[in-house]
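Participant: Let's see this in three dimensions:
(chains A and B)
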2 protein chains.
Amino acid sequence: MGRYLPSEKTVPKTIHKAMRYSVFAGGKRLRPILAIGSFELVNGKGRSILPAACALEFLHTYSLIHDDLPCMDDDDLRRGKPTLHKVFGEGMAVLAGDALHALAFEILLKTKKPEVLQEVVKAIGTQGMIGGQVADLEAEGKKVSPSQVKYIHSHKTGALLKASIRVGAILGGASRKKLNALSGYGEKIGVAFQITDDILDVEGKAEIIGKKTGADEKKATYPKVFGLETSKKMAAALVQAAKKDLRIFDQKRQIFEQLADFMVSRVN
Amino acid sequence: MGRYLPSEKTVPKTIHKAMRYSVFAGGKRLRPILAIGSFELVNGKGRSILPAACALEFLHTYSLIHDDLPCMDDDDLRRGKPTLHKVFGEGMAVLAGDALHALAFEILLKTKKPEVLQEVVKAIGTQGMIGGQVADLEAEGKKVSPSQVKYIHSHKTGALLKASIRVGAILGGASRKKLNALSGYGEKIGVAFQITDDILDVEGKAEIIGKKTGADEKKATYPKVFGLETSKKMAAALVQAAKKDLRIFDQKRQIFEQLADFMVSRVN
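Facilitator: Just a heads-up that it's a prediction; the model follows:
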C-alpha cells in the first residue's frame, strides 16, 4: 500500500506524514480484500487490481479522517490510536483527507478504465457515501424512521463496500450475470457490516474495537430503531441472502461465504 | 453552471443546497473563463469545454469552503456573504466541499479524456493546490523566505489556474507548442493573481473585496516578504512576461492579454 503513497520525505513533508499515519493506523482492509477477492472470483488475471484496491482504501481512510473531526463525530480514538486531528491538528486533517481523496483518483486513472472511475465516483458522492454521511449528521439527536436508518447505512458504508466488489469484478472481466450477483452480495454484506458496527457499539469491548463504545448514543442505529435482537436477526438474514447470491460461482466462492459470516461474527 | 449541480430538491436536500449556496455566492469565474478562453484561442470547436469549465469552478469552490473553515483560515465572509459553515454548520461545510470535489471528477470523466483528468488531479493534489495550502498553514505566524512564499503562491493558487488553461488547450486540440506557450502564460498570471490578492488585503476596500482586509496579517504574503512596492513590480513583470508567451497566437490573443492586465489591475 505504501508504494502508492508519497514518502514522508516528499515535500511538503507534514501532509505526507499525516496521510501515512492514517493509512497505516491499522484497519481491516476490507475494501481491498473485497476488491481483490471479487477480481479472483471472476478469474481476473495478473496484478491489475492492486492499484484500485489501494485507492479504495485511501477513499475509506479519507472519509474516516473527515468523519472523526470535532465538527463531525468528534472522535479521539480510531483503531486504538489517537485520531489524525489529535496528532496533526484539525486543519492538517482536513487537508490530509482531501489529499487522499485526490490521490485515489490519480491512482484509479492508471487503471485506464473509465467505468471503474465512474463506479467509484458514484459510490462516494451525494448519491452514495457523502449522502449517507449527511443523513447521519442530520439524524443526530433526532428520532429516525426505519427507512431513514436503512438509507444511512446503505449509503454511508454500503455504497463503497459494494463498489469495491464491483470494481474487482469489472477489472477481472466479469460477465453481466456475475457482476449482478456480486453487486447483490455486496449490497447485503455492506449493510450487515454496518448493523454489526452498531451492535458492537452497544455490546462490544472498547479495548478490542479500538474506539470508545456507546459513542452512537445520539446517532441513528439499527439497535435503536429495531432493538438489539431484531437487529442481529436482520444482519444474519442479510448474510444468508448474500450467500445465496454467490450460488452461480464455483467453489472459490467459499472465501466470500466466510467473509459474509465475518461481517456479523466479528468482534472489532 | 447549475445544470451540472444536483437540484435543491434532490435528496439529501441540505447538501445540495449547501453546494449551490457556495457555487452561486458569486466569484469571478476565472477558472472557467481561462479554460474557455484557452479552448477558443487554440480554435477548439463546439461546447465540449463547458463541463470541464464547470468542474474547475467546483474544485475551486471546494477549496475555498475548506479553506474558510475555523480550523483553517477561519473566515466569516466570502464574496460579501457569510461563509458556508456560518450558514450550514461546519460538518456540512466539510461534506459540501468533499461533495464538490467528487462531483468535479464525475463531470470531468464525461470529457472522456484521461489526460484532462490527469492534468487536474496533479494540480489539486499534494504537488499542487493542497501542497500550497499545507505550506500556507505551516507558515502561519512564522517568518518565511522568498522561496517559501513563491512555493505557496505557485501551488495554492497558481496550479489550478494553470491547469484551467491547459485543460482548455488540451480539449481544444492544441499543438504541443501552443500548449507550452499557454502553460507559461498560465503559470505567470496565476502567481500575479495571488500577489494582487495579497496587495488587496493590505490596500483594498473590504466592501469591494467582499471579505475583511488585513486578514493575512499572520500569513506568508509577497508584501510581507518583498515589501509592497516590490510586490507590485513583481506582479507587473509577471504580467508582461505572460503576454510575451502569447506572441505565437493570432489576434484572438487580445482577450488573454487583457486578462493578464486584469490580474493586477483588479480591485476585488
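
Participant: hey, let's count contacts and neighbours off CA atoms from now on
Facilitator: Will do.

Participant: Which pLDDT value does the model give A:Q251?
Facilitator: pLDDT for A:Q251: 88.

Participant: what about it, how many neighbours?
Facilitator: Residues within reach of A:Q251, counting by other Cα atoms under 10 Å in any protein chain shown, total 10.

Participant: which one is A:L50 nearest to, not counting chain neighbours?
Facilitator: Nearest-residue entry for A:L50: A:I36, 7.4 Å, with adjacent residues in sequence omitted and distances by Cα to Cα, 6 or more residues apart in numbering or on different chains.

Participant: Let's verify that neighbour: helix, strand, or coil?
Facilitator: helix (DSSP: H, G, I helix; E, B strand; the rest coil).

Participant: if I read this right, it contacts A:V167, doesn't it?
Facilitator: No: counting by Cα atoms under 8 Å, A:V167 is not a contact partner of A:I36; they are 9.1 Å apart.

Participant: follow-up on the earlier one: for the residue nearest to A:L50, what are its contacts?
Facilitator: A:49-50, A:53, A:168 (Cα atoms under 8 Å, 6 or more residues apart in numbering or on different chains).

Participant: number of nearby residues for the closest residue in space to A:G190 that isn't next to it in sequence?
Facilitator: Nearest in space to A:G190, with sequence neighbours left out and distances taken as Cα to Cα, 6+ apart, is A:G158 at 4.2 Å. A:G158: 26 surrounding residues under other Cα under 10 Å.

Participant: show me what contacts A:G158?
Facilitator: Contacts of A:G158 by Cα under 8 Å, 6+ apart are A:129, A:186-191, A:194.

Participant: how close does it get to A:Y151?
Facilitator: 10 Å (Cα to Cα, to the nearest Å).

Participant: what kind of secondary structure is the residue nearest to A:G190 in?
Facilitator: Applying three-state DSSP: A:G158 is helix.

Participant: Would you report the backbone torsion angles of A:M72?
Facilitator: Dihedral angles of A:M72 (phi, psi; degrees, to the nearest 10) stand at phi -110, psi -110.

Participant: For the residue nearest to it when sequence neighbours are not counted, pull up the helix or strand it's in.
Facilitator: Spatially, and ignoring its direct neighbours in sequence, A:M72 is nearest to B:G91 (5.1 Å; Cα to Cα, 6+ apart). Per DSSP states H and E, B:G91 falls inside helix B:90-109.

Participant: For that helix, name the packing helices and strands.
Facilitator: helix A:114-124, helix A:129-139, helix B:13-23, helix B:49-68, helix B:84-88, helix B:114-124 (3 or more Cα pairs under 8 Å, 6 or more residues apart in numbering or on different chains; DSSP states H and E).

Participant: In this structure A:A139 contacts A:D216, no?
Facilitator: No: in this structure A:A139 lies outside contact range of A:D216 using Cα under 8 Å: 11.4 Å.

Participant: Quote the end-to-end distance of stretch A:79-87.
Facilitator: So stretch A:79-87: terminal residues 14 Å apart, Cα to Cα.

Participant: That one - what's its average pLDDT?
Facilitator: Stretch A:79-87 comes out at a mean pLDDT of 94.

Participant: With adjacent residues omitted, what lies nearest to A:K112?
Facilitator: B:P114 (7.8 Å).

Participant: what's the spacing between that neighbour and B:A139?
Facilitator: 35 Å.

Participant: and what of A:I15?
Facilitator: 14 Å.

Participant: So between the two, which is more surrounded?
Facilitator: Neighbours per residue, other Cα under 10 Å: of A:I15 and B:A139, the larger number sits with A:I15, 26 against 19.

Participant: wait, that one sits on A:D98?
Facilitator: No: under the criterion of Cα under 8 Å, A:I15 makes no contact with A:D98, lying 10.4 Å away.

Participant: So which elements touch the one helix or strand in chain A whose mean pLDDT sits lowest?
Facilitator: Across the helices and strands of chain A, mean pLDDT, DSSP states H and E gives its lowest value to helix A:206-209, namely a mean of 78. Judged by 3+ Cα pairs under 8 Å, 6+ apart, helix A:206-209 is in contact with no other helix or strand.

Participant: got a list of what A:G173 touches?
Facilitator: A:42-44.

Participant: just A:P146 next, same as before
Facilitator: A:225-226.

Participant: one step back: for the contacts of A:G173, which one is nearest chain B?
Facilitator: Here the nearest of these to chain B, counting by Cα to the nearest Cα, is A:G44; it sits at 23.6 Å.

Participant: Tell me how far the closest one lies from B:Y21.
Facilitator: A:G44 is 45 Å from B:Y21, by Cα to Cα.
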